[in-house]
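Engineer: no FASTA, just this:
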């Protein structure tokens, strides 16, 4: 069974979809290069207003600013995010697929507001010295979504 998708320039998620976001801790971000080469990585996220945010944090990475996901977003800002429930009882399967437009946060006030929400969701971020100048943050403006459940 599936719920209908909705499309528009920017959307406000209904309560059920918003709760699905809030209930989960991990999402998978799909980006694609200008040539259409896909790339998928797990992300920690927070929903603030009608946008989803993630920051390039202090976890081990070869580089913070040269990450493939960031290069892809510069080349092609259209992204998808999926959050899912897996269970051996397949009647409990569910996922939320969101498509949107990604952009680097360029305003310090917006960075701080989103960082506050990320730190509230992930205590690990509270001890990380995440800074506007050194830790890129991405805003994904939600454009359409699809919530699917194996059973209602």
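Structural biologist: Arrived safely, thanks for sending. The model shown is predicted, which means the values in this text are computed figures rather than measured ones.
Engineer: what does the top helix by length along the chain contact?
Structural biologist: Longest helix of the chain, by residue count under DSSP state H: helix 108-121. Outside helix 108-121, the residues that touch it by Cβ atoms under 8 Å, 6 or more residues apart in numbering are 25, 44-48, 53-55, 105, 125-126, 130, 132, 137, 139. Yep, even glycine has a C-beta here, placed from its N, CA and C like the rest.
Engineer: Mark which of these are buried, thanks.
Structural biologist: Buried subset of these (neighbour count, 16 or more other Cβ atoms under 10 Å): 44-48, 53-55, 105, 125, 130, 132, 137, 139.
Engineer: ok, those vs residue 82, which is closest?
Structural biologist: Nearest to residue 82 out of those is residue 45 (Cβ to Cβ; 11.6 Å).
Engineer: From residue 88, how far out is the residue lying closest to the closest one once chain neighbours are set aside?
Structural biologist: Distances taken as Cβ to Cβ, 6 or more residues apart in numbering put residue 54 closest to residue 45, at 4.8 Å, once the chain neighbours are dropped. According to Cβ to Cβ, to the nearest Å, residue 54 stands 29 Å off from residue 88.
Engineer: same check, this time on residue 132
Structural biologist: When distance is defined by Cβ to Cβ, residue 132 is 44 Å away from residue 88.
Engineer: any idea which helix or strand comes after the helix or strand of the chain with the lowest mean pLDDT?
Structural biologist: Sorting the helices and strands of the chain by mean pLDDT, DSSP states H and E puts strand 6-7 at the bottom, at a mean of 39. Going down the chain from strand 6-7, the next helix or strand is helix 15-23, by DSSP states H and E.
Engineer: what angle do that following helix and helix 108-121 make?
Structural biologist: 80 degrees (axes from the mean of the first three to the mean of the last three Cα atoms, to 10 degrees).
Engineer: List the buried residues in helix 15-23.
Structural biologist: Buried residues in helix 15-23, counted by 16+ other Cβ under 10 Å: 17, 20, 21.
Engineer: need the strands for this structure, in chain order.
Structural biologist: Taking DSSP state E to define them, one finds strands in the chain at 6-7, 27-32, 38-43, 46-48, 51-55, 78-85, 94-104, 137-149.
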